[in-house]
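Participant: Sequence and predicted model, in that order:
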Amino acid sequence: MSQPQIALSALAKFRSSLAGSVLQPGDADYDNVRTVFNGLIDKHPAVIARCRNEADIVSSIAFAREYGLEIAVRGGGHNVGGRASVEDGMMIDLSLMKVVSVDPATKRAVAQGGATWGDFNTATQQHGLATTGGVISTTGIAGLTLGGGFGYLAGKYGLACDNLVAATVVTAAGKVVRASLDENPDLYWALRGGGGNFGVVSSFEYSLHPVGPTIMAGVVAWHVSEAREVLRFYREFTKSCADEVACLAGIVPAPDGSGVKVALIGASHCGSLSDGEKALRRIKERGSPLLDAIQPTRYCELNSMFDPAYPKGMLHYWKSSFLNVLSDDFIDTMIGNLERCPSKDSNIFLERWHGAAARVPQDKTAFPHRREGFNMALISQWRDTATNPENIAWARESYAAMEPFCAEARYVNYLDQDDTSDIAGPFGSNYARLAKIKATWDPGNVFHLNQNIQPASVPLPVEQPPSGF
């Protein structure tokens, strides 16, 4: 797309209309603000609208539409596909809108769309409350919730989207609407898993639950030579773990920064410390670990535990899918792929989906993947742009080798920038309903720089049967 021609007078008028600010190439903060989590993404918006309230969002959408600018919406900017930015279009930047208000009496929290889970947890934990959020504290609440929202509390309290009780949305037409069970229920249904297809969500209201502030949580690591046995143990352990337990496993770089790979299990229990100690004891007693850091841990510390392994600016290319079964053959394939990995920073990890998140009916929310099982995330991560081709190739080839073990179901939040051809897969049998709702709220597909759902007037893909996951 060529650089749009916008009169200076029009820009000046737009700038003066905002409580926030407007940035363009050459401005002092432009490069810092346009940069997102994934260093592989290097897009240059023609205009960045740094919004401070809903009126700013309304003005930004109107300006972008008047001048034919594609719109990207940035919350936390953590999405690996880089959909928070756009080349030569407008970035609507919500990162200045991050206020979190907590009502401990009603166990509710309202958070603006630019907040991260670190912001959210800091506010709610002052009252010993939490809701399901991400496993990296720098992840934005908006993207994670709109795409489903797996986290440490999913087994006990469901996904982030299951805890969303209302949202305020600025539509493509510039209207500010509320979505809940009682107001615009179709939009409310779609927001819980349908991604950023329906408007700019300026605030989210969540239900909260008593958690912490200290719970039993942490990681145990073994020498990589034990990876096969560790992953088999993980498979057996997670067959019967309680709803309060969250458990992930993988082959990852050692926490000491040496680059040596280790087999790791990360686990938490969101109940009492005594119950947590009993529930996680088997992990601690398994073999002779190199590291045993499962211990009483503040909930906020748990949610930032893996932050150092995923710093902003690293180069990322991900592949992900739910698994039909965590078989021995899959484990062998996973280990074999990591043995030829070109980067010391890359990893493959598994998330156990179970409990409350798996008991929600498939059509209750837009997020359709409601069966117990495992999600696999292949994280190709490196530092030197000169090695882009080999690290991307490793991810693609490794995923191709593991694909025969994968279900026809994918977690929309982990889709990379080139995962666009099978968009019905992440939305499963809910795609057709989502496409109809899209036609109601965004018939012109203004919000298409996302895991895009085409309005129903566009021919739909063949309706998917219920997912194998």
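Facilitator: Great, that's in hand. Numbers count the residues shown, from 1 in each chain.
Participant: which intervals of the stretch 201-350 of the chain have sub-threshold pLDDT?
Facilitator: The stretch 201-350 of the chain contains no residues with pLDDT under 70.
Participant: what residues are up against Arg141?
Facilitator: No Arg there; residue 141 is Ile. The contact partners of Ile141, by Cβ atoms under 8 Å, 6 or more residues apart in numbering, come to Gly75, Gly76, Ala111, Gly113, Ala115, Thr116, Trp117, Asp119, Phe120, Gly133, Ala160, Phe204. Where C-beta positions appear, they are placed from N, C-alpha and C, glycine not excepted.
Participant: Let's see which of those end up in helices.
Facilitator: The helices, defined by DSSP state H, take in Trp117, Asp119, Phe120 from the contacts of Ile141.
Participant: What about those residues, which one has the most neighbours?
Facilitator: Trp117 (30 neighbours; other Cβ atoms under 10 Å).
Participant: how many neighbours does the closest residue to that one other than its chain neighbours have?
Facilitator: Distances taken as Cβ to Cβ, 6 or more residues apart in numbering put Gly133 closest to Trp117, at 3.9 Å, once the chain neighbours are dropped. Gly133 has 28 neighbours, counted by other Cβ under 10 Å.
Participant: cool, and Phe14?
Facilitator: With other Cβ under 10 Å as criterion, Phe14 counts 20.
Participant: Go ahead and confirm it touches Asp56.
Facilitator: No. Contact between Phe14 and Asp56 fails when scored by Cβ atoms under 8 Å: they sit 10.3 Å apart.
Participant: Which of the helices or strands spans the residue nearest the centre of the chain?
Facilitator: Nearest residue to the geometric centre of the chain (Cα atoms, centre = their mean): Leu144, 3.7 Å. Using DSSP states H and E, Leu144 maps to helix 141-146.
Participant: Could you do Phe14 as well?
Facilitator: According to DSSP H and E, Phe14 maps onto helix 8-17.
Participant: in the helix or strand following that helix, what's buried?
Facilitator: Note on helix 8-17: by DSSP H and E, the next helix or strand toward the C-terminus is strand 21-23. For strand 21-23, the neighbour count (16 or more other Cβ atoms under 10 Å) marks Ser21, Val22, Leu23 as buried.
Participant: where's Lys156 relative to Ala130, distance?
Facilitator: Lys156 sits 10 Å away from Ala130, going by Cβ to Cβ, to the nearest Å.
Participant: cool, and Leu23?
Facilitator: Relative to Ala130, Leu23 is positioned 34 Å away (Cβ to Cβ).
Participant: Check Ser225 too.
Facilitator: With distances taken as Cβ to Cβ, Ser225 is found 37 Å from Ala130.
Participant: out of those two, which sits in the busier spot?
Facilitator: The neighbour comparison of Ser225 against Ala130 (other Cβ under 10 Å) goes to Ala130, with 29 against 10.
Participant: pretty sure the more buried one is in contact with Leu153, am I right?
Facilitator: Yes. Applying Cβ under 8 Å as the test, Ala130 and Leu153 come out as touching, 6.4 Å apart.
Participant: shared neighbours of these two, anything?
Facilitator: Residues touching both Ala130 and Leu153 (Cβ under 8 Å, 6+ apart): His209, Val211.
Participant: Tell me how this protein divides into domains.
Facilitator: Per automatic domain parsing, the structural domains of the chain span 8-93, 100-210, 214-414.
Participant: Please identify the buried residues of stretch 216-234?
Facilitator: Within stretch 216-234, the residues scored as buried using 16+ other Cβ under 10 Å are 216-224, 226-227, 230-231, 233-234.
Participant: picking up where we left off before, what sits in contact with each of Lys156 and Ala130?
Facilitator: Jointly contacting Lys156 and Ala130 under the rule Cβ under 8 Å, 6+ apart are His209.
Participant: how long is stretch 121-136 from one end to the other?
Facilitator: For stretch 121-136, the first-to-last residue distance is 11 Å (Cα to Cα, to the nearest Å).
Participant: and what of stretch 201-215?
Facilitator: Stretch 201-215: ends 32 Å apart by Cα to Cα.
Participant: And for stretch 63-80?
Facilitator: By Cα to Cα, one end of stretch 63-80 lies 27 Å from the other end.
Participant: Figure out the helix or strand that Ala400 lives in.
Facilitator: Per DSSP H and E, Ala400 falls inside helix 388-402.
Participant: what's in contact with that helix?
Facilitator: Helix 388-402 is contacted from outside by 40, 315, 317-319, 321, 330, 333-334, 336-337, 340-343, 346, 348, 376, 378, 380-382, using Cβ under 8 Å, 6+ apart.
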